[in-house]
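>>> what's the 3D shape of this:
(one chain, ligands or ions: 2)
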Amino acid sequence: MDRYGIFVDGSWQETGEWEDVRNKFTGEVLARVSVASREDVARAVRAARLAADRGPLPAYQRYEILLRARDLLTERVEDFARTIAAESGKPLKEARVEVSRAVQTLTLSGEEAKRIHGEGVPVEAAPGAENRLAFTIRAPVGVVCAISPFNFPLNLAAHKIAPALAAGNAVVHKPAGTTPLTAAKLCQVLVDAGLPPGYLNLVFGPGARVGDWLLEDPEIDMYTFTGSPAIGERIKAKSGLRRVTLELGNNSAVIVHKDAELATAARLSAARAFANAGQVCISVQRIYVQKDILDAFSDELVRATQALKVGDPLDPGTDVGPMISEAEAARAEDWVHEAVEGGAKLLTGGTREGPLFQPTVLADVHASMKVVCNEVFAPVVTVIRYDTIDEAIEAVNDSHYGLQAGIFTESLEVAMEAARRIRVGGVMVNDTSSFRADLMPYGGVKGSGMGREGPKYAVEEMTDLKVIVLNLKGAR
Ligand SMILES: NC(=O)C1=CN([C@@H]2O[C@H](COP(=O)(O)OP(=O)(O)OC[C@H]3O[C@@H](n4cnc5c(N)ncnc54)[C@H](O)[C@@H]3O)[C@@H](O)[C@H]2O)C=CC1
Ligand SMILES: O=C(O)[C@H](O)CS(=O)(=O)O
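Numbering: from 1, shown residues only. Ligands and ions are numbered 1, 2, ... in the order given. All right, here's what the predicted structure looks like:
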């Protein structure tokens, strides 16, 4: 049985308290990880603090380490993909895509390590400052605490750790308790790539305990988090005046206008509503369809949904695997029952077998139903009728969240009207809400969080701008 200690100051350390990590489809124990104590967390933060205080590694060394890690990750794709599939329930073919995305994320972050700079400031243009020369530099914030969720256990960790290292910081990483093995392997890749001790520390354990101990440690300079809004709000509250980047939930909407390419819109919506069993924060959840094409679209969507293969995530043919837990699948089932009891029409799905929840399409829903107004984070999608584009835009904006949205239309005017008026961090035209290239700025407004990820943007959030002014003629 594989066992992983925590990783502190350059060495793997067993703590004596263990937590089993299970295959989310079979329930079998895959491995065990060490659970950090309060003292272990303090030691991990201290190691990062001392590394940060030694000053950043040279930029070229940071570049070389990240690109070497990219190469090692490329060599270990299958091991990572099978680990992700086993511990998170993500279908193997999606897990392989996640690894390829993390290769991109490491590459982009390494390249950013060579592009961190300030600029000249024309201070001499200010009255009385004729004899001064000014410029800015970008300095690492210091110790970055990265807290990542279960649904993309590799790429969402990479989106925090790699830019933090690229920017010259030291990191303490806490992965989701359900998916720690991928984080351990990512840590090993960075160590094998030559990352010196102290710059990356990894602690395992329940968020409510280990997470809270991290939030209480004053030696941490910044928190970068992806996960539920409730935890995000807790991190914001506990961070005080320290910087935070929060990637929180969403109930992503897609508009399908009457001039849309209907078959394409239905195919993409089905693919992106049920990927990772809907456990994607930009997963398609609300589809607003213009009334003239509603029946035709719904038929196409149901057909594409019913063609999906549900089962063992390690089976290469599986399209939809188990949710992260049977409890989460039962919650989704309850929400679907609430909708149907409230008058919604079940077009397909709605049944559960343990953690497996059948891809579900609901029509005739109301905005007050949980499957519409909350983040369902399950393989459930709703189809909602509209008449005018104004009505659709207003319905999309009637949400606590604002991460990403999509619109299908052949009209540039309609597309730009929607892009301008929908309150989200990103609008995808002739695509679903789920489109993301890892180099894009990524983040939301309203209840979906604050700050932006994407290596270029994360590096900006993980550095401080400092201005330096030289008085060339001495004080007068
Ligand atoms: N915006 C986005 O990109 C994403 C959002 N999510 C959201 O997260 C939820 C599911 O993912 P989970 O991993 O279960 O989210 P979660 O919020 O329960 O956990 C996320 C991370 O926070 C940690 N955590 C839990 N309690 C903590 C505390 N008191 N202090 C510090 N850290 C703590 C967890 O251990 C985990 O590492 C979904 O409801 C979805 O809303 C999930 C993935 C991506
Ligand atoms: O949080 C998520 O679910 C991810 O950010 C979505 S993506 O990065 O895979 O697009």
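>>> in three-state terms, label the residue lying closest to residue 49 once chain neighbours are set aside for me.
In this structure, residue 49 finds its nearest non-sequential neighbour in residue 219, 4.6 Å apart by Cβ to Cβ, 6 or more residues apart in numbering. For the C-beta atoms, the positions are set from N, CA and C on the backbone; glycine is no exception. Classification of residue 219 into helix, strand or coil gives coil, according to DSSP: H, G, I helix; E, B strand; the rest coil.
>>> who's in contact with residue 219?
Contact partners of residue 219, counting by Cβ atoms under 8 Å, 6 or more residues apart in numbering, are 45, 46, 48, 49, 143.
>>> if we use 7 Å, what do you get?
By Cβ atoms under 7 Å, 6 or more residues apart in numbering, the residues touching residue 219 are 45, 46, 49, 143.
>>> can you check the pLDDT for it?
For residue 219, the pLDDT comes out at 98.
>>> swap in residue 364?
For residue 364, pLDDT reads 98.
>>> that one against residue 344, yeah?
Yes. Here residue 364 reaches residue 344: they are 5.4 Å apart, a contact under Cβ atoms under 7 Å.
>>> who has more neighbours, those two?
residue 344 (20 against 16; other Cβ atoms under 10 Å).
>>> thinking again about what came up before, identify the farthest-apart pair in the contacts of residue 219.
By the measure Cβ to Cβ, the contacts of residue 219 have their two most distant members at 46 and 143, which lie 9.5 Å apart.
>>> out of the two, which sits in the more crowded spot?
In terms of neighbours (other Cβ under 10 Å), residue 143 is the more surrounded of residue 46 and residue 143; the figures are 26 against 18.
>>> surely residue 287 is in a strand?
Yes. Note on residue 287: a strand contains this position according to three-state DSSP.
>>> that one: neighbouring residues, count only.
With neighbours defined by other Cβ under 10 Å, the count for residue 287 comes to 29.
>>> beta partners for it?
Applying DSSP bridges to residue 287 gives these bridge partners: residue 254, residue 383.
>>> quick one: contacts for it?
Going by Cβ under 7 Å, 6+ apart, residue 287 touches 254, 256, 269, 381, 382, 383, 384.
>>> same for the biggest helix by length in the chain, what does it pack against?
For the chain, the longest helix by residue count, based on DSSP state H, is helix 92-113. Here helix 92-113 is seen to pack against helix 59-75, helix 77-88, helix 155-166, helix 455-461 when contacts are counted using 3 or more Cβ pairs under 7 Å, 6 or more residues apart in numbering; DSSP states H and E.
>>> so what touches the helix or strand just after the third one?
The reference is to helix 155-166. Using DSSP states H and E, the helix or strand that follows helix 155-166 towards the C-terminus is strand 170-174. Contacting residues not belonging to strand 170-174 are listed as 44-45, 48, 51-52, 143-147, 157, 161, 164-165, 183, 198-203, 210-211, 214 [Cβ under 7 Å, 6+ apart].
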